[in-house]
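Visitor: Below are the sequence and a predicted model for it; my questions follow.
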Amino acid sequence: MTEFRTEHDSMGDVQVPAQAYYGAQTQRAVDNFPISGWKLPAELVHALGRVKLAAAVANRDLGKLTDSGKTPLGQIQVQALMSACQEVVDGKLDDQFPIDVFQTGSGTSSNMNVNEVIANRAIELVQGDRFAAEKPIHPNDHVNMGQSTNDMFPTAIHVAVAEGIRNQLIPALLRFANSLQNKADEWDQVIKIGRTHLADATPLRLGQEIGGLARQLVLSTQRAGRALDAVLELPAGGTAVGTGINTHPEFGARVAADLASQTDIGFVEATDHFEANAQRDGLVECHGQLKTIASTLFAVSNNIRWLGAGPRCGFYEIQLPDRQPGSSIMPGKVNPVMCESMMQVAARVIGNDAVITFSGATGGQFQLNIMMPVMGQTTLESISLLTGVTNAFVEFCSDDMQANNEACEAAVEKSLSMCTSLNPLIGYENAAAIAKEAFKTGKTIRELCLEKDVLPEDTLAEALDPMRMTEPQA
């Protein structure tokens, strides 16, 4: 049976689990929002810890925590507060953040959750009584000093998103780009038929085709960099409505500088705090880049899926690694499961972009956007999904793909598009007539041209050389 203690806030008494580090405001939010069971993402909680640590450093250096305020803190208490912040950053208190994502739209519930946990843990670190009614290290007066949820919660979202992109997503995309480029180099001499409109086209090399996919991943990496750039401006310092009421003029710049130092990411204070508090356009821009990356991953994995279709009745130009049985009824069937996984992730992220776009467009009235928790959760989910599926695809699919040389080369000679290289020699209309007759008779372009003595044999051999068709000719 859970034991409870009585906590008090400005609205009265609240029953809180006896050993919880959080207090009354957190418990009210837990009671008010039994919505989804989705707690605030751990990455966002950790980022809130970073933001609180940066705020404590700024207030300490500005002389606020020690020399002013209702209850000045001593040096040991300040250090304990900062140590408690670091424990939140390190994930040591993750079980103390129970509030549902679908809460107050500013994130006030989670901001106070973090304030309460840090305050009570800091009191404990100095051997104080964290259950006492009077808090020697107070969640509002000290942990939240110079801050509002309205500027600090979006600051934490930006920090969490930037860290996720820089530390997780970009390395995963680079890994995928390298994996595909390695295959492109390995398969550079494998001739195959091209396809446009899903119809036969002129020959190309398998390495060229896969190299195009690799380039898509390089561009995706660049887009991830632009997504990161979109969240570098931090709202910290604007407090409630952007005016900076109750904070030092240098607070925002100092917080941004400390967060940049903590993360090695180029965070800066927002140029205009009224914009930074009220709107989440940067997050919308950021997720727009993530959506584009998702679109790329869908296209790349779908192309690989088609190239691996078979093994006997499809293209089967690439042999995908067997990962698991593919059917509960058809023995021996193996499916392109890694491609399908990536395509589903892409669909989810593209759908997530609608949440972010709608929340950004409709949630910011006057001085505050009130859709922030779901925007933070959704963006972090997209980063996590894109990272996870990209790493899995490289490990379980792209690194172990093999070219099916026989299938690639067999289709080339049969293709009617081989006649394209005859255009400069006999004209488009004559080449088209040969293609139609070849299709009607079942003969190859080469066979029909030899039979009709269309060109001298050596000229024809050069014109119908598939490798020569894969490069521009002077």
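Guide: Perfect, I can see it now.

Visitor: which residues touch residue 57?
Guide: Applying CB atoms under 8 Å, 6 or more residues apart in numbering, one finds that residue 57 lies in contact with 82, 254, 258. Backbone N, C-alpha and C define where each C-beta goes, glycine included.

Visitor: The nearest residue to residue 426 once chain neighbours are set aside: what's it in contact with?
Guide: Leaving aside its sequence neighbours, residue 426 sits nearest to residue 454 (CB to CB, 6 or more residues apart in numbering; 6.3 Å). By CB under 8 Å, 6+ apart, residue 454 lies in contact with 422, 426, 430, 434, 448, 460.

Visitor: Next: residue 268.
Guide: If you count contacts by CB under 8 Å, 6+ apart, residue 268 has them with 232, 233, 234, 256, 260.

Visitor: Would you convert the residues you listed into JSON lines that also reports pLDDT and neighbour count?
Guide: Shown next, in JSON lines, are the contacts of residue 268 (pLDDT from 0 to 100; neighbours: other CB atoms under 10 Å):
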{"residue": "232", "pLDDT": "98", "neighbour count": "16"}
{"residue": "233", "pLDDT": "98", "neighbour count": "19"}
{"residue": "234", "pLDDT": "98", "neighbour count": "31"}
{"residue": "256", "pLDDT": "98", "neighbour count": "25"}
{"residue": "260", "pLDDT": "98", "neighbour count": "17"}
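
Visitor: Include distance to residue 116 and secondary structure when you put those into JSON lines, please.
Guide: Listed next are the contacts of residue 268 as JSON lines, based on distance: CB to CB, whole Å; DSSP: H, G, I helix; E, B strand; the rest coil:
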{"residue": "232", "distance to residue 116": "30", "secondary structure": "coil"}
{"residue": "233", "distance to residue 116": "28", "secondary structure": "strand"}
{"residue": "234", "distance to residue 116": "23", "secondary structure": "strand"}
{"residue": "256", "distance to residue 116": "25", "secondary structure": "helix"}
{"residue": "260", "distance to residue 116": "27", "secondary structure": "helix"}
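
Visitor: Between the residues you listed, which sits nearest residue 178?
Guide: Ranked by distance to residue 178 (CB to CB), the contacts of residue 268 are led by residue 232 at 26.6 Å.

Visitor: for the contacts of residue 268, which one is nearest residue 298?
Guide: residue 232 (28.0 Å).

Visitor: How about the contacts made by residue 363?
Guide: Residue 363 touches 105, 280, 369, 370, 371, 372, 375, counting by CB under 8 Å, 6+ apart.

Visitor: Point out the ones among the residues you listed that are inside strands.
Guide: When DSSP state E is applied, these are split such that residue 369 fall in strands.

Visitor: Now for the contacts of residue 363: which two are most distant?
Guide: The largest separation in the contacts of residue 363, counting by CB to CB, is between 105 and 280 at 11.2 Å.

Visitor: higher neighbour count, the two?
Guide: Using other CB atoms under 10 Å, the more surrounded residue of residue 105 and residue 280 is residue 280, with 28 against 17.

Visitor: got a list of what the more buried one touches?
Guide: 154, 359, 360, 363, 364, 369, 371, 372, 375.

Visitor: Verify the stated contact: the fifth one with residue 277.
Guide: Spelled out, it's residue 364. No - with contacts counted by CB atoms under 8 Å, residue 364 stays clear of residue 277, the gap being 9.1 Å.

Visitor: if we can go back for a sec, out of the contacts of residue 280, who has the most neighbours?
Guide: In terms of neighbour count, residue 154 stands highest of the contacts of residue 280 at 31 neighbours, by other CB under 10 Å.

Visitor: That one against residue 278, yeah?
Guide: No - Residue 154 is not in contact with residue 278 according to CB under 8 Å; the separation is 10.0 Å.

Visitor: Could you point out the helix or strand that follows the helix or strand of the chain with the lowest mean pLDDT?
Guide: Using mean pLDDT, DSSP states H and E, the weakest-scoring helix or strand in the chain turns out to be helix 64-67, at a mean of 81. Moving toward the C-terminus from helix 64-67, the next helix or strand (DSSP states H and E) is helix 75-89.
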